[in-house]
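here is the input, now give the coordinates:
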Amino acid sequence: MQQEDELIIQMVLQGRHSAYAILVNRYQAYVFTLVLRYVNDRGLAEELAQDVFVKAYRSLADFKGNSKFSTWLYTIVSTTCISYLRKRKDEMVLLGQERLHSLSDHLSDNETADDMMERKSSKKILSDAIMMLPQDDAQVITLFYQLEQSIEEIAIILGATANNVKVKLHRARQKLRVVIDAKFINELK
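Residues are numbered from 1 along each chain as shown. Got it, this is the predicted structure:
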């Protein structure tokens, strides 16, 4: 897909501006989900996602292909959302997994309702624990585990070295473990 994205970008840069719609369609859910992790408002998330695509379009010539387009796009999402939140003096909020719409839509053949509820509860605990971490720790955990970015991709996004990201991820995991143990495990006792 990376080569395909680069071909589409070349088409846009050569004047076929309508080809940009292909990238928008391909990444709109990705961008919206990322933006929604920063702001707790679907309408605002839609507006900011649109801003992200406008900024990406205007900066398309700056994409060098050294990373995946999605990684480059994430940096635009991040800077756009952080800039917005700084202007509004809001706190960053990482949202957990979206709520399940209906029980039957999410059950596999062998999964019972109890299994599904336990899985949902575990995701909620993890999401709540991540929200309790400092912003930088929550960001690196979210990028690695929830958005499945590689160490190298996270390094590009954060403007850090791969080794620095490994250290940050290790420390963030330790803090997450402490939060889960202190807040959630102790509550169950």
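
can you pull out the strands in this structure?
Along the chain, counting by DSSP state E, no stretch forms strands.

name the nearest residue to the spatially most central residue of the chain, ignoring sequence neighbours.
Centroid check for the chain by CA atoms, centre = their mean gives Leu34 as the closest residue, at 4.0 Å. Leaving aside its chain neighbours, Leu34 sits nearest to Val77 (4.6 Å; criterion: CB to CB, 6 or more residues apart in numbering). Any C-beta I mention is one placed from the backbone N, CA and C, and that applies to glycine too.

the one you found: neighbour count?
Look at Val77: counted by other CB atoms under 10 Å, it has 27 neighbours.

what of Asp136?
Asp136 has 12 nearby residues by other CB under 10 Å.

kindly report the same for Lys68.
Lys68: 17 surrounding residues under other CB under 10 Å.

same deal with Asn40?
Neighbour tally, Asn40, other CB under 10 Å: 12.

just Ile82 next, same as before
A count of neighbours around Ile82, defined by other CB under 10 Å, yields 14.

again with Gln10
Neighbour count of Gln10, defined by other CB under 10 Å: 13.

how about Thr80?
So Thr80, with other CB under 10 Å, has 21 neighbours.

helices of this structure, start to end?
Assigned by DSSP state H, the helices in the chain fall at 2-13, 20-38, 42-58, 69-88, 103-106, 113-131, 135-141, 151-158, 162-179, 186-188.

where among those helices is the average confidence lowest?
Ranked by mean pLDDT, the helices of the chain end with helix 103-106 in last place, scoring a mean of 38.
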